[in-house]
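Q: Build the 3D model from these lines:
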Amino acid sequence: MSWTDDRVELLKKMWGEGQSASQIAKELGGVTRNAVIGKVHRLGLSNRATASATAKAEPKAKAAPKAEPKPKPAPKPAEPASKAPADAAPKPLPARKQIIPAGQPLPPQPSANEISPEALAKVSEIEKKAKKLSLMELTERTCKWPVGDPATEDFWFCGLPVQQGKPYCEAHVGVAFQPMSSRRDRRR
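A: Prediction:
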């Protein structure tokens, strides 16, 4: 189904009359409710409250530009029981975490800096003894700790025997699973 000029005009007319996207889709045929909503969005048709009011006031005024609805002022917050002094600064909002696009390297993680040097030394010693397995060679009894960049041919998994009930060997469990108290302290 393609959006011909006639079908678009019928969509605009029915949308202006306040018909639902499902009703419009049924009338047009060969199109879903979501396709109608997407087309309405791409055409930039106004929301229902303004569209039906405009359609009643100016039924044939298609060439006239539609007025943007004025935003309503934000409601005033309720007064607290005890008023803060007028010179008190508002609390700053917490910073949002940055979204990193797919395929981009992650920034250094704070937990990486908190791993003890002893644990890192133990891991580097273990990785020298590792079996260097591929993904297809892993079993429930082999350590699944990834080593290297998955996009390169030098990527492998540890492959040493796992610790009971864990997916990693003893050395990698020491790095991956940290005690609860240290995680709690980190958040403060």
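Q: Per-residue pLDDT of residue 177, please?
A: Predicted confidence (pLDDT) for residue 177: 77.
Q: Count the neighbours of residue 7 for me.
A: Residue 7: 18 surrounding residues under other C-beta atoms under 10 Å. All C-beta atoms are positioned from the backbone trio N, CA, C, and that covers glycine.
Q: Next: residue 127.
A: Applying other C-beta under 10 Å, we find 16 residues neighbouring residue 127.
Q: Surely it is within a helix?
A: Yes - according to DSSP: H, G, I helix; E, B strand; the rest coil, residue 127 belongs to a helix.
Q: Contact partners for the nearest residue to it once chain neighbours are set aside?
A: Excluding the flanking residues, the one nearest residue 127 by C-beta to C-beta, 6 or more residues apart in numbering is residue 147, at 6.1 Å. Residue 147 is in contact with 127, 130, 132, 155, 156, 157, 158, counting by C-beta atoms under 8 Å, 6 or more residues apart in numbering.
Q: Which strand residues bridge residue 147?
A: Legend: beta-bridge partners of residue 147 under DSSP bridges are residue 156.
Q: quick thing: my sequence starts at 49, can you match it?
A: Sure, I'll start counting at 49 from here, so that last one is residue 195.
Q: which residues does residue 174 contact?
A: 206, 208, 217, 219, 220.
Q: and if we set it to 6 Å?
A: By C-beta atoms under 6 Å, 6 or more residues apart in numbering, residue 174 lies in contact with residue 219.
Q: Please enumerate the helices of the protein.
A: Using DSSP state H, the helices of the chain run over residues 53-64, 69-76, 81-91, 96-105, 158-161, 165-177, 218-224, 228-235.
Q: From residue 59, how far off is residue 181?
A: To residue 59, residue 181 is 58 Å away according to C-beta to C-beta, to the nearest Å.
Q: got it, and residue 94?
A: In this view, residue 94 and residue 59 are 14 Å apart by C-beta to C-beta.
Q: Which residue of those two possesses the greater neighbour count?
A: Taking neighbours as other C-beta under 10 Å, residue 94 and residue 59 compare with residue 59 leading, 24 against 17.
Q: Please identify the buried residues of stretch 202-220?
A: Along stretch 202-220, these residues count as buried under the neighbour rule (16 or more other C-beta atoms under 10 Å): 204, 205, 206, 207, 208, 210, 211, 216, 217, 219, 220.
Q: again with stretch 75-95
A: 76, 79, 83, 84, 87, 88, 93, 94.
Q: Show the end-to-end separation of that stretch, please.
A: 20 Å (C-alpha to C-alpha, to the nearest Å).
Q: What is the burial count for residue 173?
A: By the criterion of other C-beta under 10 Å, residue 173 has 10 neighbours.
Q: Roughly how far does the closest residue to it other than its chain neighbours sit from residue 79?
A: In space, and not counting its chain neighbours, residue 173 is closest to residue 219: 7.6 Å by C-beta to C-beta, 6+ apart. From residue 219 across to residue 79, the span is 59 Å (C-beta to C-beta).
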